[in-house]
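Colleague: Just a sequence and a predicted model for now, questions to come.
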Amino acid sequence: MPGVWDSMSAKLCTQAGHEVAFLSGYCTSATLLGLPDFGYLTQMEMAEVARRVCRAAPDLMVIVDADTGYGNPLNTIRTVELWEQAGAVGLFLEDQVWPKKCGHMAGKQVVPQDEWLAKLKAAVANRTTLHITARTDARAAVSLDEAIERAKRALDVGVDAVFVEAPESLAELEQIAESLPDCVRVANMIETGKTPLLTPAELHDLGFDLIVAPLGGLYAAAKAIQGIYARLAADGTLRDDLGDLLTFDEFNALVDLDEHYATEERFR
């Protein structure tokens, strides 16, 4: 599941042939607010971005980051309702203390197990179709054993997948898979993050079949735009750099311009 953050990234994801994507809170905080994944993004901001993304790419199944549910079990129920109204097919719900941090950042804290489990129970009981992933950040905040215990308890609640965030070695990935049999396990592949960067085939062999690659698109886009702006600042033109750009016609095809011309003509 590549990470997306707006309508354009969702269209590009579909164009590349992906069927499932992850609407990342990290990416959305950066692109919508220009801020790090530090708990600044609100429930309604994320819901609105989810609505836009799902509408722009109707053939793309979008799992939407729900952070901590934005409060207590009642707030979590509201989050489930908003995500389903937006068109999401699933959500990730984590156990960090709010305001949360990106799973590969330092300084994370987790709430007591029962507090997180109560929100998971509320989500499971009130979803219509959402696929619910229980994410725990206890590996860094407490210990790997604590994270595995939390994941086991989440499975007892009835979630569809479990996600132990930020294991730091192959041995830890193996331990997670062996300790959590007969379930869907999530692996988060953040380029230059804490977890070893593996292919889907390698992860499948380890026991992980829901694979998130949430930040590669954002990092690539940021680097490309950074370079283009630097060249504009230095040279004032991109005349010698057209190979780094989509053409005018290519971009218009991406946003379905011909379809809109046809609609305009139909109702002229």
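Modeller: Alright, I've got the coordinates. Numbering: from 1, shown residues only.

Colleague: Longest helix in this protein, by number of residues?
Modeller: As assigned by DSSP state H, the longest helix anywhere in the chain is helix 216-235.

Colleague: mind listing what's buried in it?
Modeller: By 16 or more other C-beta atoms under 10 Å, the buried positions in helix 216-235 come out as 217, 218, 221. C-betas here are computed from N, CA, C, even on glycine.

Colleague: Not counting its neighbours along the chain, what's nearest the last one?
Modeller: In this case it means residue 221. residue 9 (7.6 Å; C-beta to C-beta, 6 or more residues apart in numbering).

Colleague: still on that earlier bit, now tabulate the buried residues of helix 216-235 in CSV and tack on distance to residue 181 and pLDDT.
Modeller: Shown next, in CSV, are the buried residues of helix 216-235 (distance: C-beta to C-beta, whole Å; pLDDT from 0 to 100):
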residue, distance to residue 181, pLDDT
217, 33, 98
218, 34, 98
221, 38, 97
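
Colleague: and which of these is nearest residue 248?
Modeller: Residue 248 has its nearest neighbour among those in residue 221, at 19.3 Å by C-beta to C-beta.

Colleague: Just the residues contacting stretch 193-212, thanks.
Modeller: Outside stretch 193-212, the residues that touch it by C-beta atoms under 8 Å, 6 or more residues apart in numbering are 1, 3, 22, 104, 133, 161, 163, 166-170, 173-174, 176-178, 184-189, 191, 215.

Colleague: if we can go back for a sec, which element, helix or strand, includes the residue nearest to residue 221?
Modeller: Residue 9 is located in helix 7-15, with elements delineated by DSSP states H and E.

Colleague: what residues does that helix touch?
Modeller: Here helix 7-15 has contacts from 2-4, 21, 27, 52-57, 59-60, 62, 217, 221, 254-255, using C-beta under 8 Å, 6+ apart.

Colleague: quick one on the thing from earlier: list just the nearest of the buried residues of helix 216-235 to residue 109.
Modeller: Within the buried residues of helix 216-235, proximity to residue 109 (C-beta to C-beta) peaks at residue 218, which comes in at 25.4 Å.

Colleague: which residue ranges form the strands in the stretch 151-268 of the chain?
Modeller: All strands of the stretch 151-268 of the chain, identified by DSSP state E, counting those that start in this stretch, fall at 161-164, 186-188, 210-212.

Colleague: among those, which is nearest residue 241?
Modeller: With C-beta to C-beta as the criterion, residue 241 lies closest to strand 210-212 of the strands of the stretch 151-268 of the chain, at 32.6 Å.

Colleague: all helices for the stretch 51-200 of the chain, in order.
Modeller: For the stretch 51-200 of the chain, the helices defined by DSSP state H, counting those that start in this stretch cover 73-86, 113-126, 138-141, 144-157, 170-179, 200-206.

Colleague: just to revisit the earlier point, of the contacts of helix 7-15, keep whichever come out buried.
Modeller: Here, 16+ other C-beta under 10 Å leaves 2-4, 21, 27, 52-54, 56-57, 60, 62, 217, 221 buried among the contacts of helix 7-15.

Colleague: And those residues, which two are furthest apart?
Modeller: Within these, 54 and 221 form the most distant pair, 20.2 Å apart (C-beta to C-beta).

Colleague: Return the residues in contact with residue 27.
Modeller: Contacts of residue 27 (C-beta under 8 Å, 6+ apart): 3, 4, 5, 9, 214, 215, 217, 218.

Colleague: Throw these into JSON lines and include distance to residue 75, thanks.
Modeller: Formatted as JSON lines, these follow (distance: C-beta to C-beta, whole Å):
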{"residue": "3", "distance to residue 75": "24"}
{"residue": "4", "distance to residue 75": "24"}
{"residue": "5", "distance to residue 75": "23"}
{"residue": "9", "distance to residue 75": "27"}
{"residue": "214", "distance to residue 75": "23"}
{"residue": "215", "distance to residue 75": "26"}
{"residue": "217", "distance to residue 75": "29"}
{"residue": "218", "distance to residue 75": "27"}
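
Colleague: which one among those residues gets closest to residue 227?
Modeller: Nearest to residue 227 among those, with distances taken as C-beta to C-beta, is residue 218, at 15.1 Å.
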